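**Student:** Need coordinates for the below:
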Amino acid sequence: MALGALAGAGVAQASAARILYSMGRDGQMPRFLAHVSGARKIPDRGVLLIAGITTVTGLLFSERLEQLTSLVTFGALAGFLALHVSVILYFRAGLNGGSLWRHLIAPVLGAVIIGYVLLNADPMAKLGGLVWLGLGVAVALWLRWRGRSLALQEV
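**Tutor:** Residues are numbered from 1 along each chain as shown. Next up, the predicted model:
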């Protein structure tokens, strides 16, 4: 069990570091993160940042693993809820060339189920998730205020 968790944590750290790298490269995060080490060809600054965040979080929540799990689950479900809503909005409720089932009915059912789970989540996880969401909105507003586009850029 512990070996599987360690392997999963390594994959998550590498994935998060690569996301930070690409966001830094695209100007959505500090450009400092858009660095790849010459020898290993990895986004070393992102790896170190994620390792630091993971270490601090692990130390702070070592006695409250259930709360940490609830917070991570809340974040993942909130992301999936946003995905379902974006599918509905993108295809304009299945009326703009999309499949009624795939682009309206299935996402609505998924959003309702996820919404129900989120409403019944741990109150501290909801508070933490909403604070994290608020920070994300604040960063997005700050980027817009500085004149940066929030659109993804083609590479």
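**Student:** list the buried ones in the longest helix along the chain?
**Tutor:** Ordering each helix of the chain by length in residues (DSSP state H) puts helix 65-90 first. For helix 65-90, the neighbour count (16 or more other Cβ atoms under 10 Å) marks 68, 70-71, 73-74, 77-78, 80-81, 84-85, 87-88 as buried. In this view, the C-beta of every residue, glycine as well, is placed from N, C-alpha and C.
**Student:** same for it, what does it pack against?
**Tutor:** helix 106-119, helix 123-145 (3 or more Cβ pairs under 8 Å, 6 or more residues apart in numbering; DSSP states H and E).
**Student:** So which of those helices is nearest D44?
**Tutor:** helix 123-145 (23.1 Å; Cβ to Cβ).
**Student:** That closest one - what's its average pLDDT?
**Tutor:** Mean pLDDT, helix 123-145: 88.
**Student:** Helix or strand with the lowest mean pLDDT in this protein?
**Tutor:** Every helix and strand of the chain was ranked by mean pLDDT, DSSP states H and E. The lowest is helix 100, at a mean of 78.
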